[in-house]
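Enquirer: With the sequence up front, the predicted model follows.
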Amino acid sequence: DARVTQTPRDKVTEMGQEVTMRCQPILGHNTVFWYRQTMMQGLELLAYFRNRAPLDDSGMPKDRFSAEMPDATLATLKIQPSEPRDSAVYFCASGLGLAGNTGELFFGEGSRLTVL
Amino acid sequence: GQSLEQPSEVTAVEGAIVQINCTYQTSGFYGLSWYQQHDGGAPTFLSYNALDGLEETGRFSSFLSRSDSYGYLLLQELQMKDSASYFCAVSGTGGFKTIFGAGTRLFVKA
C-alpha cells in the first residue's frame, strides 16, 4: 500500500530551535510539494520539486525556511530558527504531475509543529 | 499567479444535495481538483477536471468551465460523514504547480 510518509508526526519545540521535517514520497512520483496549514491560512504552498529540482519556493520565508530533496526518497523542510508563528501542520504531498491522468496528489499524515 | 475563491461555509441537511463553487485565476491551467479533509486528517483526493464538463464518481460530481474559470463540486444524498472541509485546487504551468483554495466547511445536519 503506497503512501507518503512524514516524520515527525508531532513536534513541540522552543522558539529559536531548529526543526527538520522529513517526507518520503511515493516511489515513482516526480513532483513533491510542501504545504502549511493553519486555521487562518488554509493550505499554503511553501515549496515544490519536480524530479528533485526545486521549482518554486516563493511561499517560504527565505531567511528561516529551507527545502531540499537530497534523493528521490527524501524531501526535507527545515526551519532555523523557529518562531511561535510557525506553529502549524506541515503536509508533504507527491504526485505524477503531467504524467498522471488524474492530477491526484497523495498527502502524508502531516507534521504538527508547536513552537513555544 | 494563481488564486482561488470558494465559500467559507455551507450547511445542508442529510439526504440533500449541495454545490460548492470555486472560481480561479491562473496564468496557466492544467486542471481543477477537489479534496476532502476531515478534522485532524490529511486532504484526500476526490476528483480532477482537465476538460469542460461534468465528471461523476458515485455521489460526488465535479464540473469545470474553462472559459469561465469556474468549477463546482456537487454532493448528492448527503450523509453525516460528509461533514468536512472541501478544497478546490488549480494546477498550472511551472511543473504542475498546485494551489489550494481556503476551503469550504460543510456541515451536514440530521
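Expert: Yes, it's here. Numbering: from 1, shown residues only, chains lettered A, B, ... in the order given.
Enquirer: how about residue A:54, what does it touch?
Expert: A:47-48, A:67-69 (CB atoms under 8 Å, 6 or more residues apart in numbering or on different chains). Where you see a C-beta, it was placed from the backbone N, CA and C, and this is true even at glycine.
Enquirer: Distance check, residue A:106 against residue B:94.
Expert: As judged by CB to CB, to the nearest Å, residue A:106 and residue B:94 stand 20 Å apart.
Enquirer: circling back: filter the contacts of residue A:54 down to the buried ones.
Expert: Neighbour-count burial (16 or more other CB atoms under 10 Å in any protein chain shown) is assigned, among these, to A:47-48, A:67, A:69.
Enquirer: Serialize those residues to JSON lines and add fields for secondary structure and distance to residue A:61.
Expert: Shown next, in JSON lines, are the buried ones among the contacts of residue A:54 (DSSP: H, G, I helix; E, B strand; the rest coil; distance: CB to CB, whole Å):
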{"residue": "A:47", "secondary structure": "strand", "distance to residue A:61": "11"}
{"residue": "A:48", "secondary structure": "strand", "distance to residue A:61": "16"}
{"residue": "A:67", "secondary structure": "strand", "distance to residue A:61": "12"}
{"residue": "A:69", "secondary structure": "strand", "distance to residue A:61": "19"}
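Enquirer: on that earlier part again, residue A:106 and residue B:94: who's more crowded?
Expert: Using other CB atoms under 10 Å in any protein chain shown, the more surrounded residue of residue A:106 and residue B:94 is residue A:106, with 19 against 13.
Enquirer: Next SSE downstream of the helix or strand hosting that one?
Expert: Applying DSSP states H and E as the criterion places residue A:106 in strand A:105-107. Proceeding N to C from strand A:105-107, the next assigned helix or strand is strand A:111-115, under DSSP H and E.
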